[in-house]
Structure formats: C-alpha cells, structure tokens
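**Q** What follows is a predicted structure for the sequence shown.
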Amino acid sequence: MKPVVKGVALSLFHVPTLMAYYGNVPYYERVFKPDSEYLSKLSSTLRTYDEAVKYPPNQVFIGNYSPEELRKIKRPWLINENLTANREGEFGEIFNELEFFGWLKIADSFELVWLEKNFLVQVKEIISRHSLFYQSDLKDLGEGKELYEIKAELAKGGAVPLFYGLEIIGCVRNGHAYDENLKGYPLLEKLANKASSVVVLRQVISNCAMEAKSIDFIIESSEEAVGDMFQPGGGDLAKAIAEKAQCLNANGVDVRAFCAGPAGAIIIASSLVKSGLFKNVVVIGGGSVPKLGMNSREHVAKGLTPLEDCLGAVAVLISEDDGISPVINLDSVGRHKVGTGSSPQAITTALVSDPLKMLGLNFTDVDKYAPELHNPEITEPAGAGDVPLANIKMIAALATMQGEIKRDQMDRFIVEKGIVGFSPTQGHIPSGVPILGWARKEILIDNWKRVMVIGKGSLFLARMTNLAEGFSFLVEKNEPVTELTQPTTLSREYIREVIIEVLQEMSGKFGG
Amino acid sequence: MDLENQGRIKEIAEKYGQDEVIVVLGNADPGGAEVFAETVTIGDPSYAGPLAGVSLGLPVYHIFELKSEVDPSVWQENVEMMELVLDVEGLVNSIKERREKYSKYSIPV
C-alpha cells in the first residue's frame, strides 16, 4: 500500500504580546533586566496583525503565494505593502491574538486558563463564527472570570498573567503546589502548542473533507515534551490534541528529535500506512512559545521589526493510496546515522546523495529540495545567514563533486532546485516539512514531479550526545502501478505457500 | 562563541599552556569568524562568557588555511564540499587579520 500525502494544514497565530512577554529571550530579560533598553524598544516595535497578514513569507506558509513567487518579491519583504494578501489560504489561516486566546481556552481541560469575562465575550463573538469552531467548544470556553479573581489567582504565585496589548485579560494558573513542570509558564507553553495543534488537526480534516472519526493515529512531533515532576517528558500530547478534534477512533504517540522530529514522524506515519496497520495517520507539529522573539534582541538592536511574532503549526495527513495524491517513497530514505560523521559534507551525503543513489537517481532528478525553510529575513540580522540558501549550496557543491553538474552550473542549480525560506523560526516548523503543502499542490498540477524533504535536528542541545539528527524522504507524483493479471513467473513465496499447504493436507490425512 | 566552548578552550589553554594550543575554526561566515577569533585572542567581545576580559592570545586559524596539513582523502571526505560553497578568501582574511594583530603565539603553516 503506497502512503500518500492526502492533505496538509499550515497555520500561523500572530501573537505579538505573547512574544513580548513569554518568548524565552524576552521572558528571561524581564526576570534579570526588567528595565533594559531592549525590552522597552521591543514593546514599541511590535508588528500589527495586518502587517503580519501582508507579510509575503506568511502568505507562502498558508498557501497563497508560491515559493517561486516569493523569490521574485524584492526584499525587505516587510515593506511590500502593495501586495494583495488574505488571512485565509489554501492550506490554512493567519489567526490574530484575540482568536488565539480563544483556542488556548478551548485547549484547556483542567481549568488552567482563566479569561476575563468581558474579554471572553469578544473572543466568543469572533471565534464562534469560525468554520473550525465546534458547538462543544462553547462549553470549553466557559463564562470567564472577574478581573479581581484573576488578580487574586496571580497573587497566590505560580500563575502567569495573559496580556492583550497592555491589559491583563487572563492568566494561566499554577497546576501544582510545587511541581516546576506544572507552573503557569511551562503550562502556557504546552497549552499554546496544544491549541495550535488542535486547530491544524481540525483544519487538515476539513481540507480533506473527511470525518474526524476516520483518523486512526496521531504522531505529535513538536519540541514541547509534557509531563510532571516524576516524568517531565513522559506525557503525550497526541491524544490530548486528538480528543479536542473529536477524533474518537484515534490515539497516538509523541516523537521528538528537535527540528528533525516532523520529518522522522512522516517516515514513521508512512510506514504505518504502508504496513496496512492504519489507513489515516496525522503528523502534527504545534507552535513554540519559547521560540517567539528568539532573535529579537538582534532585530531590536539593528532597528528592525521583530518578526518572530507568529506561532506556526503544521498537520500532515498520510493516508492509504487514493491513486491521486503524491506518494512518500519509502524505498529509500535518508538518515544521519551514528557513524555518518558530523561534517556538513558527510551529513549532506547521508541525507541527499545516498538515498538518491539507492534509487538510481541523480541530483537533477529532484525538482525541489527543502532542506531548511527558515525565513532569511529573520536569521540574517541575527548572524545565522540564509539557512535554506546555505543548504542548497551544499547540495549543489556535492552534485559538482560527484560529477553530476559542472561547477559553472551550480548557480543555476541553486536557483532552480532551491526553495526560498518562508517559515517562521519555530524550531521544528522550518525544518523541511512545511513544503509539503506546496509540494502536494505543485505535484498534483504537474509543475514538480519529485521533492526531497530534509529535516535536521540539533540533538546536542539536550547535552545527551554531541551528535545531530537528520532524516530525508522523497515525495513523488502518484504514478499508476501496472498490475499484472497473471503471474509470469512463480515466486519463491508462492512455491513455499503451495508446499506448506500440501504438507498440511498430508499431515491431516496421516496424522495421529 | 557559546559559553561552554569558551570554558573548554580556557580550561585546555590553562592545562597545556597557551604556546601548546592552536584553535582551528570552521565558521561559515566571515563576521562570525571575526568574533570567534577575537574571543580566543583578546577575549569575549560580548563580555558574557568565561573568556570575557581574558586575553589568551592563542594562534587561531580557519581550517581552510591548513589544507596542506590534512590527509588529502580526509580533506576530500570532510571539507572539499564546503570549499565550493563558502567565501574561502573572505574567511581566511578575516581570521588572518585578527591573528596577526592579536595572537601572542604562532605556528608555521
């Protein structure tokens, strides 16, 4: 059974206030240097929702502009105000911060999120008209709390306030008397991840015009491990997300490998479908609050708008073959093995060259490579360069070394085969997988035939190994398989089955 | 340069002696290479890590400067691809300039 990319949902949540207070860099700056110049400048340079919607990379993310169109738009992309833009795209949507707080409350199963009564009225008014809103969400939203109740809760300690602009509009409560994993701040991170995941799960089901009960299994692949003080990463977001999307026949597991998580999870999901165990498996990666504003110190210092103000979330439905949707080719996947080595050359060979060779393919047989999709407008001012460009250059250099293209063809290869970075720097979100929306679309209309998705993760950040992780896989046009009506030769398996059958018959006749 | 690496380099230089250690960088951009080269010579310019205000004066090179010192097969397997990708001249110049200005020790290359 060929596993196919049946549908993709990609959405953004524009949360500038959340970034300013709870992105990891601003959060700790507020703890240690609350009067810093950086913090005061950060709050005065926040981007408006309209600016976030009009921002070309965001339009690519949700499926309105293609990556090729983005390449043609002059930078800085932020000031391209004359472009037409829409909050809704073919893959997903750009939600505003008010809506986000509504989804955050819907995702809460333990009365951890309190929203102020009047604010909640506004939230309900907007969110209840949304096509992804379920009637059962009304009960989850509740009736809200009085501001004095919220302030009293904050005064107890352990809870964190929620701001909308300058106003306190709620809080995330302390989940335990002394468990650090269940204090307000970590719970906010995890609930934000869950909330954005619930939205994209509902979205992918809607995009595919499926019923939620058709989903068999969820693989959650973000960077937010959940748990308590006895097992800090031992919990499971997958089922919690499935529950809120009414996927009654699903359960799931969480898979983590930093930024390589989603690519690895796609390979696992595809294997589960190919084996015949499940028909519909969804891979999900929700938004990361700590990564909001990660490079904002450098952006602010250079007088730039901090662009890391959006949570990104992705859901990919891998299903049994429908004869149409692009196929995940499991005949060969790229893996950064323990013995691969750590030089860029060794890694690129393992993730790009080796899996192609195994299939008898050349570098030029791939139409597009999606190695990393970080938006360069975010990473360049922070000194990290243009990550997708650096990666496609390495692939072009390897193709040159292996004699597949000439040195003077490298520049053309880089433009033709590369993808301009369009993804927010949300850790696991940029790493390859968000191209699946465009890959599916462009393959279906025969613009592309084969795309390589590459995910790389910095495992060394966890101090457990000095190694990194990496996976790659090919997404290809769904070519019909020529079915043989009659076997032309007898396979060993067939002969074996016949012998076993005859022996069983004989043992039945002559057995004791 | 992250704080942990600064700590490691300081420890190694103290253990073996500053004239017995060289630093080989693999930075991909000249800007980052400059900061790294300054960190191991005149100290951490951001004044955040263990090398803040510590002038080790170590000889610092980019790996591209040491091609003749490396087994050709190892070079081909690990570095050759990046020679095609990166601004080799820019990287070498940015480090060389700082080495000549700030390193107290050197090795013949």
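**A** Good, I have the coordinates.
**Q** ok, and the closest non-adjacent residue to A:Q246?
**A** Of all residues not flanking A:Q246 in the chain, A:A212 sits nearest, at 4.5 Å (CB to CB, 6 or more residues apart in numbering or on different chains). C-beta coordinates here come from the backbone N, C-alpha and C atoms, glycine included.
**Q** Equivalent analysis for A:L237, please.
**A** A:E220 (4.4 Å).
**Q** same thing with A:N295?
**A** Nearest to A:N295 is A:A382, by CB to CB, 6+ apart, at 3.8 Å.
**Q** what does A:E442 give?
**A** Closest to A:E442 by CB to CB, 6+ apart is A:W448, at 4.2 Å.
**Q** do you know how far that neighbour is from A:H14?
**A** 30 Å (CB to CB, to the nearest Å).
**Q** Between the two, tell me which one has more neighbours.
**A** Legend: neighbour count by other CB atoms under 10 Å in any protein chain shown for A:W448 and A:H14, higher for A:H14 (25 against 20).
**Q** Please identify the helix or strand for A:I169.
**A** strand A:167-172 (DSSP states H and E).
**Q** Check A:E372 too.
**A** Going by DSSP H and E, A:E372 is not in any helix or strand.
**Q** If you count contacts, what does the helix or strand hosting A:S196 end up packed against?
**A** According to DSSP H and E, A:S196 maps onto helix A:184-207. With contacts taken as 3 or more CB pairs under 8 Å, 6 or more residues apart in numbering or on different chains; DSSP states H and E, helix A:184-207 sits against strand A:3-14, helix A:16-22, helix A:97-106, strand A:160-164, strand A:167-172, helix A:237-244, strand A:280-285, strand A:310-320.
**Q** Would you mind finding the most buried of the ones you listed?
**A** strand A:280-285 (a mean of 30; mean count of other CB atoms under 10 Å in any protein chain shown).
**Q** packing partners for that strand?
**A** Taking 3+ CB pairs under 8 Å, 6+ apart as the contact cut, strand A:280-285 packs with helix A:184-207, strand A:217-220, helix A:261-274, strand A:310-320.
**Q** residues in chain B within reach of chain A, list them.
**A** Neighbours of chain A within chain B, by CB under 8 Å from any CB of the partner chain: B:28-29, B:31-32, B:77-82, B:84-85.
**Q** surely the residue nearest to A:Q246 meets A:E243?
**A** No - counting by CB atoms under 8 Å, A:A212 sits too far from A:E243 to count as a contact (10.5 Å).
**Q** What segments of chain B are helices?
**A** Remark: helices assigned in chain B by DSSP state H are B:3-16, B:30-39, B:72-78, B:80-85, B:88-102.
**Q** what comes up buried for the shortest one?
**A** Buried residues in helix B:80-85, counted by 16 or more other CB atoms under 10 Å in any protein chain shown: B:80-82, B:84-85.
**Q** Residues touching that helix, excluding its own?
**A** Under the contact criterion CB atoms under 8 Å, 6 or more residues apart in numbering or on different chains, helix B:80-85 has outside partners A:343-345, A:348, A:390, A:393-394, A:396-398, A:400-401, A:407, A:410, B:28, B:64.
**Q** Let's see that with 6 Å instead.
**A** For helix B:80-85, the external contacting residues (CB atoms under 6 Å, 6 or more residues apart in numbering or on different chains) are A:344-345, A:393-394, A:397-398, A:401.
**Q** Would you list the phi and psi of A:E501?
**A** phi -60, psi -50 (degrees, to the nearest 10).
**Q** How many residues are close by it?
**A** For A:E501, using other CB under 10 Å, the count is 10.
**Q** got it, and A:I73?
**A** 16.
**Q** Same question for A:R412.
**A** Around A:R412 there are 11 residues (other CB under 10 Å).
**Q** Centre of the chain to stretch A:235-247, how far?
**A** Centre-to-centre, stretch A:235-247 and its host chain are 16 Å apart (CA atoms, centre = their mean, to the nearest Å).
**Q** pLDDT averaged over that stretch, what's the number?
**A** For stretch A:235-247, mean pLDDT rounds to 97.
**Q** re earlier: state the distance from the residue nearest to A:L237 to A:A238.
**A** The value you get for A:E220 to A:A238, if CB to CB is used, is 4 Å.
**Q** Need the residues touching each of the two.
**A** By CB under 6 Å, 6+ apart, the residues touching both A:E220 and A:A238 are A:D254.
**Q** can you pull out the helices in the stretch 301-450 of chain A?
**A** A:344-348, A:354-358, A:376-379, A:387-401, A:410-417, A:435-444 (DSSP state H, counting those that start in this stretch).
**Q** what would these look like in a markdown table with mean pLDDT?
**A** What follows is those, written out as a markdown table (pLDDT from 0 to 100):
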| stretch | mean pLDDT |
| --- | --- |
| helix A:344-348 | 93 |
| helix A:354-358 | 98 |
| helix A:376-379 | 96 |
| helix A:387-401 | 96 |
| helix A:410-417 | 97 |
| helix A:435-444 | 98 |
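**Q** neighbours around A:F473, how many?
**A** Residues near A:F473, counting by other CB under 10 Å: 26.
**Q** same thing with A:S66?
**A** Neighbours around A:S66, by other CB under 10 Å: 16.
**Q** I'd like the distance between the closest residue to it other than its chain neighbours and A:I324.
**A** Among residues not flanking A:S66 along the chain, A:W438 sits closest, at 6.3 Å (CB to CB, 6+ apart). Taking CB to CB as the measure, A:W438 falls 17 Å from A:I324.
**Q** okay, the two: which has more neighbours?
**A** A:W438 (27 against 10).
**Q** any idea how far chain B is from that one?
**A** 25 Å (CB to the nearest CB, to the nearest Å).
**Q** which stretches of the stretch 351-500 of chain A form strands?
**A** A:368-370, A:450-457, A:469-476 (DSSP state E, counting those that start in this stretch).
**Q** so can I have CSV of those showing distance to chain B and mean pLDDT?
**A** Shown next, in CSV, are those (distance: least, CB to the nearest CB, whole Å; pLDDT from 0 to 100):
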stretch, distance to chain B, mean pLDDT
strand A:368-370, 14, 98
strand A:450-457, 15, 97
strand A:469-476, 16, 98
